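K.L.:
Below are the sequence and a predicted model; questions follow.
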Amino acid sequence: MSDSSSKPPATGGPGNWSFTRWSTIGQLEALEVHHPLFQATVFLQGAHLTHFAPKDERNWLWLSELARFQPGRAIRGGIPVCWPWFGDPLRNPPEIRKRIASSSAHGFARTALWRLEDVRESAHEVEVSLSLSANDDFQEHWDGHALALITFSFSIRGCQIALTTTNLSKAPLAFSQALHTYLPTDDIQRTRVLGLGNSQYIDTLKDWDYVSQEGPVYFEGEVDRIYETGEALTVVTPSGKRKLTSVGSDSTVVWNPGPGKAQRLSDFPDSAWQKMLCVETANAASDYRVLNEGQSHTLGVFIGRA
């Protein structure tokens with residue numbers, strides 16, 4: 001992650017921003033970054049990044065053409081923030097499960113309204129920070145008190161996301177999470193993920209059995225796996241490569257719905273499974289985290305060129 005000493009300078013309120021502006025997309029407020037070197041779009045709902053691209057390049061993220069930008073509705077694509085639990089509540093460890101009062105997957109952060117904390121700009125970089133105070137306002141979903149702070153750093157080199165969780169309660173806080181990154185491909189059957197060889201994964205499609213990965217990950221039909229590694233990965237598609245480098249993570253989720261599940265997903269074209277994949281930087285399964293009072297943990301990923 002970036003060294004704080006190299007951060008762009010604070011630029012104050014919107015009137016002082018050179019490259020960043022407020023925008024309304026559908027029914028949601030967003031920050032649009034139009035820098036000479038790159039562009040990005042971050043929604044306040046969900047602290048959801050849907051677009052990042054260096055100048056004259058296509059979006060580095062996959063966004064569904066059927067995505068709807070409505071209050072309380074998760075956006076299909078980009079990088080949803082799954083927090084303070086990942087996946088099915090019932091598949092989480094007891095320490096996490098006991099706090100959850102909802103049957104919904106992936107927590108509430110991705111549909112909550114986050115607060116803009118800061119925008120910093122320079123000739124080479126733009127940094128956007130947002131926060132979510134998970135307090136009694138969310139007690140119908142979850143029993144806990146925590147602060148989530150997410151910082152997006154955009155540059156010509158790529159896109160960096162850092163999600164820091166701080167426990168504001170006196171009792172230990174157990175949580176799981178993921179940065180649910182959707183990536184585009186021209187052809188999923190000619191796409192592979194490098195860096196997961198020689199690791200074990202939980203195959204959620206086969207009774208959550210443990211399987212050993214040998215060589216690259218290829219996609220044939222539905223894939224839904226939790227790998228027990230946070231090593232740097234390279235995603236190879238027909239149009240190029242991306243490198244994902246994580247911090248604070250010892251688990252990686254690889255997902256593609258395949259043709260069958262694609263037809264049952266909301267805001268997802270039936271054939272779109274051929275044009276996307278998810279490689280998610282996570283603290284999932286046995287990689288969940290526990291924070292004592294006042295402690296913090298940062299989960300992050302840098303998406304760059306390979």
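P.N.:
Nice, thanks for sending it over.
K.L.:
can you give me the strands for the stretch 51-200 of the chain?
P.N.:
81-82, 115-121, 125-134, 146-155, 158-167, 173-175, 177-179, 182-184, 192-194, 200-203 (DSSP state E, counting those that start in this stretch).
K.L.:
In CSV: those, plus mean pLDDT.
P.N.:
Formatted as CSV, the strands of the stretch 51-200 of the chain follow (pLDDT from 0 to 100):
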stretch, mean pLDDT
strand 81-82, 98
strand 115-121, 97
strand 125-134, 98
strand 146-155, 98
strand 158-167, 98
strand 173-175, 98
strand 177-179, 98
strand 182-184, 98
strand 192-194, 98
strand 200-203, 98
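K.L.:
Reformat those as TSV; add distance to residue 48 and mean neighbour count.
P.N.:
C-betas here are computed from N, CA, C, even on glycine. As requested, the strands of the stretch 51-200 of the chain are exported to TSV (distance: least, C-beta to C-beta, whole Å; neighbours: other C-beta atoms under 10 Å):
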stretch	distance to residue 48	mean neighbour count
strand 81-82	7	27
strand 115-121	13	17
strand 125-134	10	21
strand 146-155	10	22
strand 158-167	11	22
strand 173-175	19	24
strand 177-179	11	28
strand 182-184	11	20
strand 192-194	23	19
strand 200-203	26	18
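K.L.:
I'd like those strands as JSON lines, with distance to residue 230 appended.
P.N.:
Putting the strands of the stretch 51-200 of the chain into JSON lines (distance: least, C-beta to C-beta, whole Å) gives the following:
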{"stretch": "strand 81-82", "distance to residue 230": "16"}
{"stretch": "strand 115-121", "distance to residue 230": "26"}
{"stretch": "strand 125-134", "distance to residue 230": "23"}
{"stretch": "strand 146-155", "distance to residue 230": "18"}
{"stretch": "strand 158-167", "distance to residue 230": "14"}
{"stretch": "strand 173-175", "distance to residue 230": "16"}
{"stretch": "strand 177-179", "distance to residue 230": "12"}
{"stretch": "strand 182-184", "distance to residue 230": "17"}
{"stretch": "strand 192-194", "distance to residue 230": "14"}
{"stretch": "strand 200-203", "distance to residue 230": "13"}
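K.L.:
OK, contacts around the nearest residue to residue 189 once chain neighbours are set aside?
P.N.:
Of all residues not flanking residue 189 in the chain, residue 219 sits nearest, at 6.5 Å (C-beta to C-beta, 6 or more residues apart in numbering). By C-beta atoms under 8 Å, 6 or more residues apart in numbering, the contact list for residue 219 reads 188, 189, 191, 192, 256, 277.
K.L.:
Now for those residues: which two are most distant?
P.N.:
The largest distance within the contacts of residue 219, taken as C-beta to C-beta, falls between 192 and 256 and amounts to 12.0 Å.
K.L.:
who are the neighbours in contact with the most centrally placed residue in the chain?
P.N.:
The residue lying closest to the centre of the chain (C-alpha atoms, centre = their mean) is residue 179, at 2.2 Å. Residue 179 is in contact with 79, 81, 82, 161, 163, 280, 281, 282, 299, 300, 301, counting by C-beta under 8 Å, 6+ apart.
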